[in-house]
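>>> With the input below, show me the fold.
(2 chains)
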Amino acid sequence: MERTRTPVVSGWFTEDGPDGAGFRLLGTRCSACAAVFFPREDAYCRNPHCPGDGLLAEVPLSPRGRVWSYTDGRYRPPAPYVSDPEAPWEPYTLVAVELEAEGMVVLGQTVPGVTVADLAVGAEVEVVGGVLNEDPDTGTVWTTWRFRPTGGSA
Amino acid sequence: MSADIAVLGAGMHPWGKWGRSFVEYGRAAARTALADAGLEWSDVRSIVGADTVRSGYPGYVAGATFAQALGWQGARVTSVYAACASGAQAIGAARAQILAGLADVVLVVGADAAPKGFFAPAGGDRPDDPDWLRFRVLGATNPAYFGLYARRRMAVYGDTLEDFAQVKVKNAAAGALNPLARYRKPVTAEEVADSAVVADPLRLLDICATSDGGAALVLSSMDFARSRGVADPVRIRAVSTVTPTYPRTVLDLPDIATDSVTAVRPAPGSFRASIARAAYEEAGLGPGDLSLAEVYDLSTALELEWYEDIGLCAEGEGAKLVREGATALGGRVPVNTSGGLASFGEAVPAQAIAQVCELTWQLRGTAGDRQVPGARAGITANQGLFGHGSAVVAVR
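Next up, the predicted model:
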């Protein structure tokens, strides 16, 4: 079956390059007050001090940030997280990253193989593309964003 | 400063995993609270139910469901859903009715029958629902967020796993003295350390369980209390239910990201601190006046954060308080004298009401072996999904 790469949520990130190169998270930015939103807010600006009448335009977010905190999931989460109940549970690592320019904290899984032992609050990470899961019935490869340590220290 | 209302009655159904309907737990708690108040159900002209979304349609309309279970008698009815803050908002709704003169006496009820293991989002394919998305895209369970807060505290303030374990040891010791608690065995720091990691750095015994349970209060105007011969009741002096201030910079359930700081600089102080501050302002008292507090110890590390947020100590000094024993029974300001969620588990719509039940018994001086001597004032604090936050101040 031909495999189709599909973002797990449409419009939240670019899909440049099968190896994740050029990958960026996408948010929206209010033209009236400069507030940035992720996940993207297309309907209205949520800054109560915004003068109004702004347009919400798509904007790529900082490719790098610093670790705000991190944890992992040692037990299988409930649906709608997709995992094979027959396979032994492989813990995922979650990292909350304070993006460089926006100062917002974005939560994401790390690239496979990175554990909590590889992370530290304040360490630099970058966002890359990755695969969340594959659906063998439809051939869909659900893509997502992942964070990867750059080796930059706190 | 606003007027007081009286707590005439408090009641609970014991918490645990009983496998029955939430309606049974709520009805039992309500009847216990009515008996405690010395009132008949037919004396009550208003009922407020705290809703549960896990128990089918009756849970969404909990006010009417409990009214039916107690027997239809024509009372005014209100149902309130605010996730973990449901119980506090139910108390807030009852209080507003009493202070507005719409009702002299109001019955507030919350109950839940919780599933085993992680809480999950509402079913179906719901890509517009942030609570569904955090599970689908990230697998981010509630304990994952507790783990993030815990790790952040370790990095910023130097808290240790031993500090977190001490919170469980303290709360389990209090819960062992509470016949309504689900877990009634003392726990050692070694047992916490030996329990399985759920979400690094937190262990199973750092995180509260899911439980069944019910809690109820009978609230009235001060005039009504006096007319029933209750001259000096426990009084609720404040109920805060506040939202955060933009830009919110702490990742909270079920957020995938916080607000940006590109348009507005964040104000000093945390959202959680603003919950207690609003209640203190309304009550006209401060942390120095407290005899005790009940806070949402969804995780041990989170309880330490609440110490700071309700003003028991400065930011970053929560672990010092638990190390000193200040928040244990017998300490300067005991926290979670009931045993907390560590001993009860989560029965979401009931737990903020249960916190006020504990304050009531403590302020009456009827809390038995866990009594705080001479208790005069207490605060509760809790937080629900999507920026709900509530605190209740009660005095004697």
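
>>> all contacts plus neighbour counts: C-alpha atoms, from now on.
OK.

>>> for chain A, what are the nearby residues on the stretch 101-250 of chain B?
Within the stretch 101-250 of chain B, the positions near chain A by C-alpha under 8 Å from any C-alpha of the partner chain are B:118-120, B:127, B:132, B:135-141, B:144, B:147-149, B:151-152, B:155, B:197-201, B:246-247, B:249-250.

>>> Roughly how far does the residue nearest to B:Ala209 when sequence neighbours are not counted sit from B:Glu190?
In space, and not counting its chain neighbours, B:Ala209 is closest to B:Gly345: 4.5 Å by C-alpha to C-alpha, 6 or more residues apart in numbering or on different chains. To B:Glu190, B:Gly345 is 21 Å away according to C-alpha to C-alpha, to the nearest Å.

>>> between the two, who's got more neighbours?
The neighbour count for B:Gly345 versus B:Glu190, taken as other C-alpha atoms under 10 Å in any protein chain shown, is higher for B:Gly345 (26 against 11).

>>> Surely the more buried one and B:Thr210 touch.
Yes: using C-alpha atoms under 8 Å, B:Gly345 is in contact with B:Thr210, at 5.1 Å.

>>> Can you list the residue ranges for strands in the chain?
Picked chain A for this. Using DSSP state E, the strands of chain A run over A:4-7, A:26-30, A:36-37, A:56-60, A:64-73, A:92-99, A:105-110, A:124-135, A:140-149.

>>> let's do chain B instead
Remark: strands assigned in chain B by DSSP E are B:5-16, B:46-50, B:76-80, B:105-113, B:197-199, B:202-203, B:212-220, B:234-242, B:292-295, B:377-384, B:388-395.

>>> what are the ranges of the helices in the stretch 51-200 of chain B?
B:57-60, B:62-70, B:86-99, B:130-133, B:142-157, B:161-175, B:189-194 (DSSP state H, counting those that start in this stretch).

>>> Got the domain ranges for chain B?
Per the record, chain B has its domains at B:5-117+B:212-228, B:130-206+B:235-395, by the TED database.

>>> Of these, which is nearest A:Thr144?
domain B:130-206+B:235-395 (7.6 Å; C-alpha to C-alpha).

>>> For chain A, what lies in contact range of chain B?
A:8-9, A:33-39, A:47-48, A:68-75, A:77-82, A:94, A:96, A:101-109, A:116, A:121, A:132, A:144.

>>> Buried members of these into PyMOL, please.
In PyMOL, selecting the buried portion of the residues of chain A next to chain B, with burial taken from 16 or more other C-alpha atoms under 10 Å in any protein chain shown, looks like this:
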select buried, chain A and resi 8+9+33+34+35+36+37+38+39+47+68+69+70+71+72+73+74+75+77+78+79+80+81+82+94+96+102+103+104+105+106+107+108+109+116+121+132+144
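
>>> Could you list the low-confidence segments of chain A?
The model of chain A has pLDDT under 70 over residues A:1, A:17-21, A:153-154.

>>> spatially speaking, which residue is in the middle of it?
A:Trp145 (3.9 Å; C-alpha atoms, centre = their mean).

>>> residue contacts, that residue?
Neighbouring residues of A:Trp145 by C-alpha atoms under 8 Å, 6 or more residues apart in numbering or on different chains: A:Phe13, A:Leu25, A:Gly108, A:Gln109, A:Val127, A:Val128, A:Gly129, A:Gly130, A:Val131.

>>> can you list the residues that contact stretch A:83-90?
Stretch A:83-90 is contacted from outside by A:Arg74, A:Tyr75, A:Arg76, A:Asn133, using C-alpha under 8 Å, 6+ apart.
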